[in-house]
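Student: for reference, the sequence and a predicted model appear below.
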Amino acid sequence: MLIQLFITAFVLGAVSSFHCVGMCGPIAISVPVHYLPATQKITGIILYNLGRIFTYGVLGLIVGFIGRQAYLVGIQQSVSIILGAVLLIFFAASLFKRSGTFRFRFAERFTHRLQAGIVKYMQQKKRSAMPMLGVANGLLPCGMVYFALTGALASGTVQAGVLFMVAFGAGTFPAMFILSFFGSMIGLHARNRMRKAVPFVMLVMGVLLVLRGLNLNIPYISPYLQAGSPDAISCH
């Protein structure tokens, strides 16, 4: 059922908040709302996060469509196993202090442009700029977003892909809201400690994707999926 999918993605987002606080913390802290009265400050932070979640939803739409095509041609299980195996490899690499980060010139240029856009919207110091600031932030390279996208890709339908990513974004909202509202009261040391949970998120996500691909007929964890069935997603 979609409710199970929503809960899974929301929990993943909540756990991913530890990583978000560490990686995106400087941006969240720098959201230009601290000079505003409390009510307007809250509104600005909400608009910023809605922009971020909107981006996640669009990404979910794209990967959900790709996942649906994979499902229709009968290779979704293989895709799920491959994605899960990749996450497990990254988890193993993290144990040996390997970052698993690869440099791509195109990605770097894209990131630089996004960062320039983020600075531009921050300098405006207007609540009307907050949604676009969130949209740009949502496009920044982020390992946890990539992990969430693997779940959306394996969901089987476009609708489920969008729901998964929106729920993931909603799960990150509380921590990001608190960070933006209280700013530097959450120190760098605390944010770095939170990031240590990331490898274990990779482990759990990787195991779940592999189990799902194995089609073991285990309710919610590895449901039996018959290729082409429009109701397959209800087994999540």
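Tutor: Thanks, I have it.
Student: show me what the longest helix seen in the chain is packed against.
Tutor: In the chain, with assignment by DSSP state H, the single longest helix is helix 38-72. Helix 38-72 sits against helix 76-95, helix 130-139, helix 143-153, helix 158-182, with contacts defined as 3 or more Cβ pairs under 8 Å, 6 or more residues apart in numbering; DSSP states H and E. Where you see a C-beta, it was placed from the backbone N, CA and C, and this is true even at glycine.
Student: need the pLDDT of Ile53.
Tutor: Model confidence at Ile53, given as pLDDT, is 96.
Student: ok, now which ones touch it?
Tutor: Shown in contact with Ile53 (Cβ atoms under 8 Å, 6 or more residues apart in numbering): Gly134, Gly138, Val166, Gly169, Ala170, Phe173.
Student: distance to Thr55 added to those residues, as a markdown table?
Tutor: As requested, the contacts of Ile53 are exported to a markdown table (distance: Cβ to Cβ, whole Å):
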| residue | distance to Thr55 |
| --- | --- |
| Gly134 | 7 |
| Gly138 | 3 |
| Val166 | 10 |
| Gly169 | 8 |
| Ala170 | 13 |
| Phe173 | 13 |
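Student: for these, which one is nearest Phe147?
Tutor: Within the contacts of Ile53, the smallest distance to Phe147 is 13.3 Å, found for Gly169 (Cβ to Cβ).
Student: count of residues packed around the closest one?
Tutor: 28 (other Cβ atoms under 10 Å).
Student: what about it, distance to Gly51?
Tutor: 10 Å (Cβ to Cβ, to the nearest Å).
Student: overlap in contacts, the two.
Tutor: Here Gly169 and Gly51 have Gly138 as joint contacts, going by Cβ under 8 Å, 6+ apart.
Student: name all residues that make contact with Thr55.
Tutor: Gly134, Val135, Asn137, Gly138, Leu139.
Student: let's see it at 7 Å
Tutor: For Thr55, the contact set (Cβ atoms under 7 Å, 6 or more residues apart in numbering) comprises Val135, Gly138, Leu139.
Student: can you tell me the closest non-neighbouring residue to the first one?
Tutor: Using Cβ to Cβ, 6 or more residues apart in numbering and skipping the chain neighbours, the partner closest in space to Val135 is Gly51 (4.3 Å).
Student: same thing with Ala129?
Tutor: In space, and not counting its chain neighbours, Ala129 is closest to Tyr121: 4.4 Å by Cβ to Cβ, 6+ apart.
Student: low-confidence regions, the protein specifically.
Tutor: 1-2, 19-26, 97-108, 183-198, 217-236 (pLDDT under 70).
Student: try 90
Tutor: 1-41, 44, 67-130, 132-134, 136-148, 150-157, 174-236 (pLDDT under 90).
Student: what about Gly51, how many neighbours?
Tutor: Neighbours of Gly51 using other Cβ under 10 Å come to 20.
Student: you'd agree it is up against Ala129?
Tutor: No: assessed by Cβ atoms under 7 Å, Gly51 is found out of contact with Ala129, at 9.6 Å.
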